[in-house]
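Novice: Sequence plus the predicted model coming up.
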There are 2 protein chains.
Amino acid sequence: MGVGPGDPGNLTLRAINTLTSADLVIAPCSSPEIEGRAESIIRQALPEITCHRLVFDMSPGETGTEARVRGARQAANDLHRSLSEGRTVAFITLGDPNIFSTFALVAKEVSKLSPKTEIKTIPGIMAFQEVASLGGINLLDETEKLFLVTAREGITDVEDALRSTNAAIVIYKGGRNLVQIVETLEKANRLKGAVIGEMLGLDGESLEPLDAVTARKASYLATVIAPPLRIIEPPVD
Amino acid sequence: MGVGPGDPGNLTLRAINTLTSADLVIAPCSSPEIEGRAESIIRQALPEITCHRLVFDMSPGETGTEARVRGARQAANDLHRSLSEGRTVAFITLGDPNIFSTFALVAKEVSKLSPKTEIKTIPGIMAFQEVASLGGINLLDETEKLFLVTAREGITDVEDALRSTNAAIVIYKGGRNLVQIVETLEKANRLKGAVIGEMLGLDGESLEPLDAVTARKASYLATVIAPPLRIIEPPVD
């Protein structure tokens, strides 16, 4: 289930009801001693819930994919006994479980290992919605469109997206290519109104206009938004 | 604030806390006698809340824009007294308030009329997230991307989006162009796995594979999703 991007207030009633009725709550983490971000949200909102930590390699890139698949297979193995005993297992994940989530990999491996297990997802608020809200950005009107792209492996998808002036551009996974992203948006006359949000719901949460950012890098989970170009106001009598 | 697409369980804690503490809750509707969809969600989740209905012309198209702007101006006028008395007004809207919402127009007119009014939005689960969840569709992995486009005025944006095989395509406002959408997806070899969701959270809620749909039209609020083409599985040892 998705637990939103940071603020525990973004938890939905469905997520809360499922968490409180589940037999086992699984929280992904990068090390067994360190509380993951999803777990931190649950601790704040529902301190009575005990999360069981499962370690995942979160390394980005091609090599990271292999490590993540191995991690998901291990997680499916760990969960096999609980699932085969008919217990309900809730897996918490930042944002939405169907958008760039470790959950998809785990679900796939669980399906292979325990084909009879019923798997459902519960939507969660995504980081870009929180950034738009914090930044006072109306993302889409009328027939505008939204392109959600990544910049982990470069900025080709950002450049392609910028060909549409009436598209809101959301960029995920672009932290290490931030300088290029800023330059590309500036060249396309799309820096105005663009923002970057980081560390949502954590100490050090920040939301800044992209043209004021002096840092040359941002964290992996930074979210960049460039709103659509809006030159023509809707006609009004 | 966004109240999600239909199921009251998609309400967030923030939305609920704001609704229960607001001095006045405004629900948009198309006629004063008819409960709007956002109001229906609140009635189910929080029956103790009384919604004050404001009528909006919801006609689509260019002419609709003018009517909607006039409606928003009227709404801002209606709210002016409450706001100038320092009362907290909560405006409920389906989905997310920053994505295709009447709220943006109302906020703009309120800002003009009452520049000192502080305006904030609260994110809500969007229809496509619910459709992906109900349909068991993992929308995005790794460096895939998502294109959210409309088909109200034609299918040009759908055709453009289909040039990217690794993009999940979400189509809003395409009800009356459904036949063309199906044909276009089929031509691009993207009909497999595509679904259409309608009337979420209402009697008559439906989720169907798009290639099984025989109707020639769908409602204005229908959501179509075509997942990314995934031919190559991630490498696994």
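Specialist: That came through, no problem.

Novice: Helices of chain A, start to end?
Specialist: Secondary structure of chain A by DSSP state H: the helices cover A:13-21, A:37-45, A:61-84, A:102-113, A:127-135, A:156-161, A:178-187.

Novice: which stretch in the ones you listed is the model least sure about?
Specialist: Ranked by mean pLDDT, the helices of chain A bottom out at helix A:61-84, with a mean of 83.

Novice: Setting the sequence-adjacent residues aside, check what's closest to the spatially most central residue of chain A.
Specialist: Centroid-nearest residue in chain A, with Cα atoms, centre = their mean: A:G95, separated by 4.4 Å. With sequence-adjacent residues excluded and distances taken as Cβ to Cβ, 6 or more residues apart in numbering or on different chains, A:G95 is closest to A:M126, at 4.8 Å. Where C-beta positions appear, they are placed from N, C-alpha and C, glycine not excepted.

Novice: so what's that neighbour up against?
Specialist: Residues in contact with A:M126 (Cβ atoms under 8 Å, 6 or more residues apart in numbering or on different chains) are A:2, A:5, A:95-96, A:99, B:129.

Novice: just to revisit the earlier point, so which of the helices of chain A is nearest B:L46?
Specialist: helix A:13-21 (10.4 Å; Cβ to Cβ).

Novice: Domain map for chain A?
Specialist: A:8-113, A:127-226 (automatic domain parsing).

Novice: what's the span of the last one, first residue to last?
Specialist: What it means is domain A:127-226. Start and end residues of domain A:127-226 are separated by 14 Å (Cα to Cα, to the nearest Å).

Novice: Check whether it comes into contact with chain B.
Specialist: Yes. Judged by Cβ under 8 Å from any Cβ of the partner chain, domain A:127-226 and chain B are in contact via A:129-130, A:132-133, A:136-150, A:152-153, A:157, A:160-161, A:164, A:173.

Novice: Selecting buried members of those residues in ChimeraX, what would you type?
Specialist: The buried residues among these can be selected in ChimeraX (16 or more other Cβ atoms under 10 Å in any protein chain shown) with this line:
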select /A:129,130,132,133,137,138,139,140,141,142,143,144,145,146,147,148,149,150,152,157,161,164,173
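
Novice: if you look at the residues of domain A:127-226 next to chain B, which of them are in strands?
Specialist: Using DSSP state E, the subset of the residues of domain A:127-226 next to chain B located in strands is A:145-150.

Novice: from those, which single one is nearest B:T117?
Specialist: Distances from B:T117 to these, taken by Cβ to Cβ, are shortest for A:L146, at 27.3 Å.

Novice: Please report how far the closest one lies from B:L146.
Specialist: 8 Å (Cβ to Cβ, to the nearest Å).

Novice: cool, A:V213 as well?
Specialist: To B:L146, A:V213 is 24 Å away according to Cβ to Cβ.

Novice: got it, and A:V179?
Specialist: For A:V179, the distance to B:L146 - Cβ to Cβ - is 25 Å.

Novice: same check, this time on A:E118
Specialist: Remark: distance between A:E118 and B:L146 (Cβ to Cβ) = 26 Å.

Novice: Over to A:S219: give its phi and psi.
Specialist: Main-chain dihedrals, A:S219, degrees, to the nearest 10: phi -70, psi 160.

Novice: for it, what are its contacts?
Specialist: Contacts of A:S219 by Cβ under 8 Å, 6+ apart are A:175, A:198-199.

Novice: Closest one of those residues to A:R230?
Specialist: When those are compared against A:R230 (criterion: Cβ to Cβ), the nearest one is A:E198, at 25.7 Å.

Novice: surely that closest one meets A:E205?
Specialist: Yes. Taking Cβ atoms under 8 Å as the definition, A:E198 is a contact partner of A:E205 at 7.2 Å.

Novice: Neighbour count for these two, which is higher?
Specialist: Set A:E198 next to A:E205 and count neighbours by other Cβ atoms under 10 Å in any protein chain shown: A:E198 wins out with 22 against 14.

Novice: these two touch, right, A:G193 and A:N138?
Specialist: No. In this structure, A:G193 is not within contact of A:N138 by Cβ under 8 Å, at 10.5 Å.

Novice: Mutual contacts of these two, please.
Specialist: Counting by Cβ under 8 Å, 6+ apart, the residues touching both A:G193 and A:N138 are A:P227.

Novice: for stretch A:99-115, the distance to its chain's centre please.
Specialist: Stretch A:99-115 has its average C-alpha position 17 Å from the chain's average C-alpha position, going by Cα atoms, centre = their mean, to the nearest Å.

Novice: same check, this time on stretch A:160-176
Specialist: The answer for stretch A:160-176 is 16 Å, by Cα atoms, centre = their mean.

Novice: what do you get for stretch A:177-196?
Specialist: 21 Å.

Novice: For that stretch, give me every contacting residue.
Specialist: Counting by Cβ under 8 Å, 6+ apart, A:131, A:135, A:137, A:151-152, A:154-155, A:158-159, A:162, A:169, A:171, A:174, A:206-211, A:213, A:215-218, A:222-227, A:229 sit against stretch A:177-196.

Novice: do that again at 6 Å, thanks
Specialist: For stretch A:177-196, contacts defined as Cβ atoms under 6 Å, 6 or more residues apart in numbering or on different chains pick out A:135, A:151, A:155, A:158, A:162, A:174, A:208-211, A:213, A:216-218, A:222, A:224-227.
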